[in-house]
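Enquirer: need a structure here:
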Amino acid sequence: MNQFDQFQNALSLETITENTYSINPDSRYFVGKTPHGGYLNALMHKALISSVPHSVAISSSIQYLDRIEAKDITLEVEIFKVSRGTSSGIVKLIQDNKTCTVFNAICSDLEHMKGYDGLETNPPKIMKEIPRERYRDLNYDKISPGLTPSFIHQLSCTVHPSHAWWDRDIDIEDAEARCTSYMQMDGGIPDQFVLSFYVDVAPPVVSNKYGALGWIPTYSLTTHIRQMPTTEILFADFIAKDINKGYFEQDCNIWDLNKNLVASSRQLTRILKSEEKLSK
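Expert: Have a look, this model is predicted:
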């Protein structure tokens, strides 16, 4: 089975009652013993559009409230509003009678949207600096065998050599808190669920400036899906800024290879024990 179809199977929800679904998360999309945040984003995205008449969560926000174990979860959907052009609602991820993650979104049908196009966001100049063939595989096993999370193995992800912190010498003065990459699931052009997964695929990019910092959890992730991609391979640019009390924002823009901006996101993330790890 190709990677695209495998991912779609990993999103197969069982309908329990109207607007209530369950699934045993696919361990191939885990970080250690817990589901990856982008995978949860895609699962909850699918649950919502399975309950409303519109096909894509064009603007969503997910809050990660508590740890999720490798066992069955329930997704409960509450619909807020349905109109001709949009619908909105909230999804609660429940495990052991506890709400662990909350997802809310506005949904619409991209193919029916009309309006003026302008103020284009083009791919950054760094995309043209070196050919894609020189990008390095996203793989941490050079640091320690088996360190690469399982979800990384479910796609092809290559990273600009200057941003592959696990495979180069760190120079804090010159390094950016950034990760530019090419991403691909062989077998299909990415759909909205793949985009919801991709916006959280990159490692926390502060590691490219400061080196390995351990577990850096995400607290919230906002995603905007702008249009459906036209190419199987996508280009992503992840940038972090403004570390404050150990928290920082990580922004992401994703384009297809025809230079169409297909998705953007912003997440709030925290460097645990940041004073201990970063203070000089």
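
Enquirer: against which helices or strands is the biggest helix by length in the chain packed?
Expert: Longest helix of the chain, by residue count under DSSP state H: helix 37-49. Counting contacts by 3 or more C-beta pairs under 8 Å, 6 or more residues apart in numbering; DSSP states H and E, helix 37-49 is packed against strand 56-64, strand 73-82, strand 87-95, strand 98-108, helix 192-198, strand 218-225. Backbone N, C-alpha and C define where each C-beta goes, glycine included.

Enquirer: right, and the ones you listed - which one's nearest Leu13?
Expert: strand 73-82 (6.9 Å; C-beta to C-beta).

Enquirer: enumerate every residue touching Thr230.
Expert: 189, 256, 258, 260 (C-beta atoms under 8 Å, 6 or more residues apart in numbering).

Enquirer: Three-state assignment for it, please.
Expert: Three-state assignment for Thr230 (DSSP: H, G, I helix; E, B strand; the rest coil): coil.

Enquirer: name the surrounding residues that touch the least confident helix or strand in the chain by mean pLDDT.
Expert: Lowest by mean pLDDT, DSSP states H and E among the helices and strands of the chain is helix 274-278, with a mean of 86. With contact meaning C-beta under 8 Å, 6+ apart, helix 274-278 is reached by 210, 213-214, 243, 245-246, 271.

Enquirer: give me the buried entries from the contacts of Thr230.
Expert: 256, 260 (16 or more other C-beta atoms under 10 Å).

Enquirer: in CSV, list the contacts of Thr230 along with secondary structure and pLDDT.
Expert: Below are the contacts of Thr230 laid out as CSV (DSSP: H, G, I helix; E, B strand; the rest coil; pLDDT from 0 to 100):
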residue, secondary structure, pLDDT
Ile189, coil, 98
Asp256, strand, 98
Asn258, coil, 97
Asn260, coil, 96
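
Enquirer: as JSON lines, the contacts of Thr230 with distance to Tyr21 would be great.
Expert: Converted to JSON lines, these look like this (distance: C-beta to C-beta, whole Å):
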{"residue": "Ile189", "distance to Tyr21": "26"}
{"residue": "Asp256", "distance to Tyr21": "30"}
{"residue": "Asn258", "distance to Tyr21": "34"}
{"residue": "Asn260", "distance to Tyr21": "31"}
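
Enquirer: that older thread, so among the contacts of helix 274-278, which ones count as buried?
Expert: 210, 213, 243, 246, 271.

Enquirer: wait, a strand at the third one?
Expert: Put plainly, it is Ile243. Yes - per three-state DSSP, Ile243 lies within a strand segment.

Enquirer: correct me if wrong: it contacts Thr269.
Expert: No - using C-beta atoms under 8 Å, Ile243 is not in contact with Thr269; the gap is 9.8 Å.

Enquirer: picking that back up, now do the longest helix of the chain and strand 73-82, the angle between them.
Expert: 50 degrees (axes from the mean of the first three to the mean of the last three C-alpha atoms, to 10 degrees).

Enquirer: could you number the chain from 172 rather than 1 from now on?
Expert: Sure thing, new numbering starts at 172, so read that last one as helix 208-220.

Enquirer: what mean pLDDT does helix 208-220 have?
Expert: Across helix 208-220, pLDDT averages out at 98.

Enquirer: got it, and stretch 323-335?
Expert: 95.

Enquirer: what do you get for stretch 175-188?
Expert: 97.

Enquirer: what's it in contact with?
Expert: 172, 192-194, 196-197, 199-200, 210, 213-214, 217-218, 221, 245-246, 325, 356-359, 361, 364-365, 368.

Enquirer: repeat that with 6 Å
Expert: Outside stretch 175-188, the residues within contact range by C-beta atoms under 6 Å, 6 or more residues apart in numbering are 192-194, 197, 200, 214, 217, 356, 358-359, 364.

Enquirer: could I have the CA atoms of that stretch written out in PDB?
Expert: Extracted C-alpha coordinates of stretch 175-188, given in PDB (Å, rounded to 0.1, in the frame of the first residue of the first chain):
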ATOM      1  CA  PHE A 175      -1.100   8.300   0.800                       C
ATOM      2  CA  ASP A 176      -3.600   5.400   1.000                       C
ATOM      3  CA  GLN A 177      -2.100   4.200   4.200                       C
ATOM      4  CA  PHE A 178      -2.600   7.600   5.800                       C
ATOM      5  CA  GLN A 179      -6.300   7.700   4.600                       C
ATOM      6  CA  ASN A 180      -6.800   4.200   6.200                       C
ATOM      7  CA  ALA A 181      -5.300   5.600   9.400                       C
ATOM      8  CA  LEU A 182      -8.100   8.100   9.500                       C
ATOM      9  CA  SER A 183     -10.900   5.500   9.200                       C
ATOM     10  CA  LEU A 184     -13.500   6.500  11.800                       C
ATOM     11  CA  GLU A 185     -16.200   4.200  13.200                       C
ATOM     12  CA  THR A 186     -19.600   5.800  13.600                       C
ATOM     13  CA  ILE A 187     -21.000   5.200  17.100                       C
ATOM     14  CA  THR A 188     -24.000   7.500  17.000                       C
END
